[in-house]
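Engineer: no sequence on hand, only this structure:
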């Protein structure tokens, strides 16, 4: 199974994990790292590296970082080249739920990352487009994206 590590500013990482587990139930091989103002990049790098080791059973780890170019993302980027690690930046709850739902299936880490990125983008929409005659423009969940809530 592919491991997952969330890294984000303030409490975004732990709260996104809590939200995903609220929808899907308790998860294994998934960890979160909250980044505070007082954290040093070298400390974060070490913590993230340990989390990658703890969540990798041989199938790799997908890192979710909150914002491209921010400290969490920059720390994670330095680890993407170190083996079987992919990263999604700018993640949202639908992308995290998709990753959790698909990571047990026979799919490569890279294929999972592409599917997750696509799913996350699909759920970003302008509500007024969704509510009127422009339903065909996107923001339409597919049946397999609907978790039992």
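Structural biologist: Perfect, thanks for sending it. This is a predicted model, so every value here is computed, not measured.
Engineer: and for residue 81, the neighbour number?
Structural biologist: 7 (other C-beta atoms under 10 Å). For the C-beta atoms, the positions are set from N, CA and C on the backbone; glycine is no exception.
Engineer: before we move on, what about the one 3 residues further on?
Structural biologist: Neighbours of residue 84 under the rule other C-beta under 10 Å: 16.
Engineer: got the contact list for it?
Structural biologist: Contacts for residue 84 (C-beta atoms under 8 Å, 6 or more residues apart in numbering) come out as 56, 59, 60, 61, 109.
Engineer: show me which of these is closest to residue 74.
Structural biologist: Nearest to residue 74 out of the contacts of residue 84 is residue 61 (C-beta to C-beta; 17.4 Å).
Engineer: for the closest one, give me its contacts.
Structural biologist: 2, 3, 4, 5, 52, 55, 84, 85, 86, 109.
Engineer: give me that answer again for 10 Å
Structural biologist: 2-5, 29-31, 48, 51-55, 79-80, 83-87, 103, 109 (C-beta atoms under 10 Å, 6 or more residues apart in numbering).
Engineer: nearest spatial neighbour of it, chain-adjacent residues omitted?
Structural biologist: residue 3 (4.1 Å; C-beta to C-beta, 6 or more residues apart in numbering).
Engineer: count of residues packed around the one you found?
Structural biologist: 25.
Engineer: show me what the helix or strand hosting residue 62 pairs with in its sheet, parallel or antiparallel.
Structural biologist: Element membership of residue 62, judged by DSSP states H and E, is strand 61-65. Note on strand 61-65: by DSSP bridges, its sheet partners are strand 3-9 (parallel), strand 85-89 (parallel).
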